[in-house]
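# Give me coordinates for this.
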Amino acid sequence: MSSTDKDTLRSEPAVVEDETDEWDKRIFSTGCAEENTGLNNCFFEKKDWRACKDEAGARVVSFLAAATARQARQTNVHRVTQNYGSRTLTGSTRRWQQIPSAASATNSSPLRPPPSAAAATSPAVVQHDLSPSSQSDPLRSLTDGLQDPPPVLGENEKQVDWTRSYHGLSSTPFTTEQAAILQQEIKYDDIEIKPDGIIYLPEIKYRRILNKAFRPGGWGLVPRGETIVTGKLVTREYGLVCGGRMISIARGEQQYFDPDGIPTATEGCKSNALMRCCKDLGIASELWDPRFIRRFLAECGKETIVEHVTTKKRRKHWMRKDDELRYPFKEVSQPGPGVGSQTQQQQQPFRRG
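Numbering: from 1, shown residues only. Next comes the predicted model:
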């Protein structure tokens, strides 16, 4: 190159490349610009790529440790805030939610030791008023029993302990009006028929008769034992109290098919015990009379052969003559010569609980 060309190059202004090339764009998009700049500066100083690589790796490790500690602190703060919010929404504490006084005094102390390095890097369990203590009882399954014994009254309390007492039993008969209401004949329209041919009175109608005879609040059912839960059955003993007197005692029962249905089965058990107690008062006594059962089924009931729409299974089905067969069953044919025949009357069930 001649001296003239060199002078021309010196006189021309230097071109500054402000635009980034594809390599720079890739580096900046991946977030490695600072790491790349550090490697370049280290290479110009030490002229050794291996040493610069080791130094950059140490910086990355320290950065990750700091980020982990920061994330752990943010997690702890979020948990404390969330637990405090849930505590303010709950007004009552249960037994498994209570914390011993020593633990609560320690948590409420204003002087707390600084957290260690291990606690800063790993999320810690925050204890608060809603946390179950180590001494709390484990949660029980419904299939293990309900643990609902009747309350125990003190010896000095002036109340009748209906769990043990028979106070007022057979002391005074009911009035003539009350006896007429309790022993009145049941109307045919109130009686229902189960598919297996057993006739019954709905439990709500027993309650209506008691309310009519003693008025609402003049009678009640008291449990006389703990609820017993077996594999498929719920049972409990109840006593019927009318006008402050023990009238009858009976044990109710109800089947269940899933543990989630145990609470509903306890209500069915109570209604079953009420129905059995009402037998001693003469309510719907016709339902246990075999002759009345045969006469009612002959006049108001019918037996048919039904088929399940989906499974195509057939079976006998009893129902009232004024009722309609509902889905998923459909009527196939009438069994035998007639519903009211003597052969079918002998096979009609009249068993009651």
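# Can you show me the strands along the stretch 201-350 of the chain?
Remark: strands assigned in the stretch 201-350 of the chain by DSSP state E, counting those that start in this stretch are 219-223, 228-229, 233-242, 245-255, 301-308, 314-320, 329-333.
# Lowest average pLDDT across those?
Comparing mean pLDDT across these, the weakest is strand 329-333, with a mean of 85.
# Just the buried residues of that strand, please?
Within strand 329-333, the residues scored as buried using 16 or more other Cβ atoms under 10 Å are residue 329. C-betas here are computed from N, CA, C, even on glycine.
# List the neighbouring strands of that strand plus their orientation.
Applying DSSP bridges, strand 329-333 is found paired with strand 301-308 (antiparallel).
# export the partner strand as CSV, just CAs?
Extracted in CSV, the C-alpha atoms of strand 301-308 (Å, rounded to 0.1, in the frame of the first residue of the first chain):
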residue,chain,number,x,y,z
GLY,A,301,-101.6,-53.9,45.3
LYS,A,302,-100.5,-55.8,42.2
GLU,A,303,-97.5,-58.0,41.4
THR,A,304,-95.9,-57.9,38.0
ILE,A,305,-92.9,-59.2,36.2
VAL,A,306,-90.6,-56.3,35.3
GLU,A,307,-87.5,-56.1,33.1
HIS,A,308,-84.5,-53.8,33.6
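# Pull the residues that contact that strand.
193, 197, 199, 313-321, 325, 328-335, 339, 344 (Cβ atoms under 8 Å, 6 or more residues apart in numbering).
# are any of the residues you listed buried, and which?
193, 197, 199, 317-320, 329, 339, 344.
# can you list the residues you listed in a markdown table and add distance to residue 179?
Formatted as a markdown table, the buried ones among the contacts of strand 301-308 follow (distance: Cβ to Cβ, whole Å):
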| residue | distance to residue 179 |
| --- | --- |
| 193 | 29 |
| 197 | 32 |
| 199 | 24 |
| 317 | 38 |
| 318 | 33 |
| 319 | 34 |
| 320 | 30 |
| 329 | 42 |
| 339 | 36 |
| 344 | 37 |
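# from the residues you listed, which is closest to residue 291?
Checking the buried ones among the contacts of strand 301-308 against residue 291 with Cβ to Cβ, the nearest one is residue 199 at 12.7 Å.
# that older thread, show me the one of the strands of the stretch 201-350 of the chain that comes nearest residue 173.
Closest among the strands of the stretch 201-350 of the chain, using Cβ to Cβ: strand 245-255, at 10.8 Å.
# quick one: strands adjacent to the closest one?
Strand 245-255 has these strand partners (DSSP bridges): strand 233-242 (antiparallel).
# buried ones in the partner strand?
Those would be 234-242, for strand 233-242 by 16+ other Cβ under 10 Å.
# Next: stretch 252-268.
Neighbour count says stretch 252-268 has 252-254, 256, 262, 265-266, 268 buried, by 16+ other Cβ under 10 Å.
# Reformat the buried residues of strand 233-242 as a markdown table; add distance to residue 71.
Below are these laid out as a markdown table (distance: Cβ to Cβ, whole Å):
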| residue | distance to residue 71 |
| --- | --- |
| 234 | 50 |
| 235 | 55 |
| 236 | 54 |
| 237 | 59 |
| 238 | 59 |
| 239 | 62 |
| 240 | 65 |
| 241 | 64 |
| 242 | 68 |
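# Thank you kindly, that will do.
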